[in-house]
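In: sharing a sequence plus its predicted fold:
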Amino acid sequence: MQLFYNQELTPETKQFSFDKIESRHIVRVLRKKEGDKIFITNGLGQLFTSEILLADDKKCLVKIVNSETQESDRNYYLHLAIAPTKLNDRFEWFLEKATEIGIDEITPIICEHSERKVLKMDRMEKIIHSAAKQSLKFHFPKLNEPVTFNAFMKLSFSGQLFIAHCEETHKKSLKSELKPTLKTTLLIGPEGDFSTKEIQQSLVNNFIPVSLGKSRLRTETAGLVAVHSVAFVNE
C-alpha cells in the first residue's frame, strides 16, 4: 500500500486535489492514471480510499469512494518529553525512528544544559509525516511546541511518570518499572543531562528516576531506547 496524507480530510469529504508536489509524485513517479486507487490518511485514524478523476501532474484530483476508522496498533499511550540535540540531524533521526516504532506525543523540552533552543517545526512535522506514511500508520504522533523544563513541570500528568538521567543516585530499571497498557510520560535530557535542580523538581512532581542501561547514551539514542522499551513491554 502506498499511503498519502492530508490533515484536512474528514469522512464528509467527497473530492480532494493533491498539491503540486504530491501530484507530480503520483502521476510522474508512480505513473498513476484515471481510475487508479489512492489511499490517504488524515493522521487521526481515518483511512480514505479514493479514485483518480484527473491524473494531472500539477493538480491530481480524486474522489473519495470509502472512508473507515482504523484502530490504533498500540494498546498504550506514550508521551516523550525530550531535549533537542545540538545537531539537528540527530534529533530528526530520533523523530523518524520513534514514529516508525510507535509513539503518541513528543514535546521538545528546553533545559538548563540545552545547547539547542530553536527548532524548525515545519521540517520536524514533515519528517514525522513521512515516517508515519512509510510505516503505514493511520494515527500520527503529536509534536508539541518546545517548552522550558519549568513550564513542562507545571502541566497535569497521569499514568506512569519517569525521568531518565545520568546522576549517580539510586535509580530503577525502566524495563522493570514499566507496566503495560498504561499512559506513560518519560523525560529525556540534553547532552549535558538534566541539572540537579531539574531532577529534584521532577521528583517533587512524582517522576520516578530510571536507568536505560549501563551505557551512557546520546540523547537521541536514549529516546529511542525508551520508545522501544515501552513498545517491548506492551507486546
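Out: Nice, I can see it. Residues are numbered from 1 along each chain as shown.
In: can you pull the contacts of the most centrally placed residue in the chain?
Out: Nearest to the geometric centre of the chain sits Pro141, at 3.7 Å (CA atoms, centre = their mean). If you count contacts by CB atoms under 8 Å, 6 or more residues apart in numbering, Pro141 has them with 98-99, 103-106, 128, 132. For glycine as for every other residue, the C-beta is placed from the backbone atoms N, C-alpha and C.
In: try 7 Å this time
Out: Going by CB atoms under 7 Å, 6 or more residues apart in numbering, Pro141 touches 99, 103-106, 128.
In: got it, and Leu54?
Out: 34, 60-61.
In: for those residues, pick the one with the most neighbours.
Out: Neighbour tally across the contacts of Leu54 (other CB atoms under 10 Å): the maximum, 26 neighbours, falls on Cys60.
In: report pLDDT for it.
Out: If you check Cys60, the pLDDT there is 95.
In: the one 5 residues further on too?
Out: In this prediction, Val65 carries a pLDDT score of 96.
In: please parse the chain into its domains.
Out: Here the domain parsing of the chain from automatic domain parsing is 3-69, 77-233.
In: take the contacts of Leu54 and keep only those in strands.
Out: Counted as lying in strands by DSSP state E, out of the contacts of Leu54, are Leu61.
In: so can I have JSON lines of the contacts of Leu54 showing distance to Thr185?
Out: Formatted as JSON lines, the contacts of Leu54 follow (distance: CB to CB, whole Å):
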{"residue": "Glu34", "distance to Thr185": "48"}
{"residue": "Cys60", "distance to Thr185": "41"}
{"residue": "Leu61", "distance to Thr185": "43"}
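In: which of the contacts of Leu54 sits closest to Ser202?
Out: Cys60 (48.7 Å; CB to CB).
In: just to revisit the earlier point, filter the contacts of Pro141 down to just the buried residues.
Out: 99, 103-104, 106, 128 (16 or more other CB atoms under 10 Å).
In: among those, which ones are in strands?
Out: Ile106.
In: farthest-apart pair in the buried ones among the contacts of Pro141, please.
Out: The distance between the two most remote of the buried ones among the contacts of Pro141 (CB to CB) is 11.7 Å, for Asp104 and Ile128.
In: in TSV: the buried ones among the contacts of Pro141, plus distance to Thr49 and pLDDT.
Out: Formatted as TSV, these follow (distance: CB to CB, whole Å; pLDDT from 0 to 100):
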residue	distance to Thr49	pLDDT
Thr99	23	97
Ile103	27	97
Asp104	25	97
Ile106	29	98
Ile128	23	97
